[in-house]
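Asks: no sequence for this one, just the structure:
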């Protein structure tokens, strides 16, 4: 089975799993739908981060609301749970946990009141409505394979289109669903590449006038993309690599697509206008996740740490800084959670027991050395 942790960390993964099993034996876990007490270290004074207790979080997404602060939906992979947390400024509280089938992998917001979770065992997207502080399952959309990731392609007047990509295999599924459940969700499959994990919307694509969807293909070691003009077309190869391509994410302007490479002591970025590939020297073996802060400032995720790099126009590293995390940091989301105008970072740790929330300004908080 392909784990979210890379091979060279396998022994660390075994140890982490044993620790978590022991913890589960000692501390009861809230049942499906039960609201538990807060599982967070509340910040005091100028503390710059909080830690949310959550085991093996493979996916999730934070979303902020004008009237009720921010909420984080997340997957507890081995527990088979979808969890909903409230983040209010610099505090956090668990609202609800719902049971799904074996090995949920990712979760996203569809709207202010709907979330979807990709679940391997049922080969489905389980859709929940948020009612107050609870999640109520309203539909189960059949995908046709074990999905690793789901993203929202578009939404209009209660009609939603999703893209689900597989844990393994080359088929992806385009799913249409109406919020009023007037009919079962429908799906259409196309072939992409082997293990297309973590697809992402991009605003620009080389040689086109618009955007589309890009993805890093783990086993095929390349990045491919389809255009909004024809989402069902055969994807274009944007770049190929000798190392495993773990994740691709665009810079805020869309000018660069940053690519996290697991090995080779370097990462990469693709110019989304010209198609040029630039190499970025890594201080470590590589990385497993990426979150660009700007065109030339980027955060890379690794085991128990993040490294931030400031680059010049040719991708030469001008400066590197570091932040510690509580686990194997395979998911990164930039979002202003406390309303101070600075982007904060939600760090999902896939083979460990906490989610890190690190408050900005991130570059200023990062250390020159670990």
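Replies: Everything's here; your move. What you are looking at is a predicted structure, and each value in this text was computed from that prediction instead of being measured. Numbering: from 1, shown residues only.

Asks: okay, and for the chain, where does confidence drop off?
Replies: Low-confidence regions of the chain, defined here as pLDDT under 70, cover residues 1-46.

Asks: give me the domain ranges for it.
Replies: The chain breaks down into these structural domains: 48-152, 194-369 (assignment by the TED database).

Asks: out of the ones you listed, flag the one nearest residue 172.
Replies: domain 194-369 (6.4 Å; CB to CB). The way it works is simple: take the backbone N, C-alpha and C, and place the C-beta from them, glycine included.

Asks: any idea how far the closest one is from the middle of the chain?
Replies: Relative to the mean C-alpha coordinate of its chain, domain 194-369 is positioned 11 Å out (CA atoms, centre = their mean, to the nearest Å).

Asks: in three-state terms, label residue 144 for me.
Replies: Of the three states, residue 144 takes coil under DSSP: H, G, I helix; E, B strand; the rest coil.

Asks: hmm, it is touching residue 190, no?
Replies: No. Using CB atoms under 8 Å, residue 144 is not in contact with residue 190, being 11.7 Å away.

Asks: tell me the residues that contact both of these two, please.
Replies: Contact with both residue 144 and residue 190 is made by residues residue 171, according to CB atoms under 8 Å, 6 or more residues apart in numbering.

Asks: circling back to that earlier point, could I get the domains of the chain as JSON lines with distance to residue 169?
Replies: Formatted as JSON lines, those follow (distance: least, CB to CB, whole Å):
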{"stretch": "domain 48-152", "distance to residue 169": "6"}
{"stretch": "domain 194-369", "distance to residue 169": "7"}
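
Asks: how about residue 217: what's its closest non-neighbour residue?
Replies: What sits nearest to residue 217 in space, not counting adjacent residues and going by CB to CB, 6 or more residues apart in numbering, is residue 193, at 3.7 Å.

Asks: now for the one you found: which residues touch it?
Replies: Counted by CB under 8 Å, 6+ apart, residue 193 has contacts 170, 215, 217, 219, 220, 222, 224, 235.

Asks: give me that answer again for 7 Å
Replies: 170, 217, 220, 222, 224 (CB atoms under 7 Å, 6 or more residues apart in numbering).

Asks: ok, it to residue 51 distance?
Replies: Plainly put, residue 193 is 36 Å away from residue 51 if you go by CB to CB, to the nearest Å.

Asks: same question, residue 331
Replies: 15 Å.

Asks: which one's more surrounded, those two?
Replies: The residue with more neighbours, out of residue 331 and residue 51, is residue 331; 26 against 20, by other CB atoms under 10 Å.

Asks: quick check on the closest residue to residue 177 other than its chain neighbours: phi, psi?
Replies: The shortest distance from residue 177 to any non-neighbouring residue, by CB to CB, 6+ apart, is to residue 185 (3.9 Å). Per-residue torsions, residue 185: phi -60, psi 140 (degrees, to the nearest 10).

Asks: who touches residue 185 in this structure?
Replies: Residue 185 makes contacts with 139, 141, 142, 175, 176, 177, as judged by CB under 7 Å, 6+ apart.

Asks: and with 8 Å instead?
Replies: Residue 185 touches 125, 139, 141, 142, 175, 176, 177, counting by CB under 8 Å, 6+ apart.

Asks: next, the residue located most distally from the centre of the chain: secondary structure please.
Replies: Among residues of the chain, the one most distant from the C-alpha centroid is residue 182; the distance is 30.5 Å, by CA atoms, centre = their mean. The three-state label given to residue 182 by three-state DSSP is coil.

Asks: now it: how far from residue 159?
Replies: From residue 182 to residue 159 the distance is 10 Å (CB to CB).

Asks: what of residue 332?
Replies: Residue 332 sits 30 Å away from residue 159, going by CB to CB.

Asks: who has more neighbours out of the two?
Replies: residue 332 (24 against 12).

Asks: what about the more buried one, which helix or strand?
Replies: In this structure, residue 332 is located in strand 317-335 according to DSSP states H and E.

Asks: tell me the contacts of the residue nearest to residue 306 when sequence neighbours are not counted?
Replies: Nearest residue to residue 306 in three dimensions, chain neighbours excluded: residue 323, at 4.4 Å (CB to CB, 6+ apart). Contacts for residue 323 (CB under 8 Å, 6+ apart) come out as 305, 306, 307, 308, 358, 362, 365, 366, 367.

Asks: and residue 352, how many neighbours does it have?
Replies: Neighbourhood size, residue 352 [other CB under 10 Å]: 27.

Asks: correct me, but it touches residue 331?
Replies: No. Counting by CB under 8 Å, residue 352 does not reach residue 331; the two are 11.8 Å apart.

Asks: residue 96 versus the residue nearest to residue 177, what's the distance?
Replies: According to CB to CB, residue 185 and residue 96 sit 23 Å apart.

Asks: now swap in residue 155 and tell me
Replies: The gap separating residue 155 from residue 96 is 23 Å, by CB to CB.

Asks: compare neighbour counts for the two and give me the winner.
Replies: Under the neighbour definition other CB under 10 Å, residue 155 and residue 96 were set side by side, and residue 96 has more, 25 against 15.

Asks: now the more buried one: how far from residue 252?
Replies: 32 Å.
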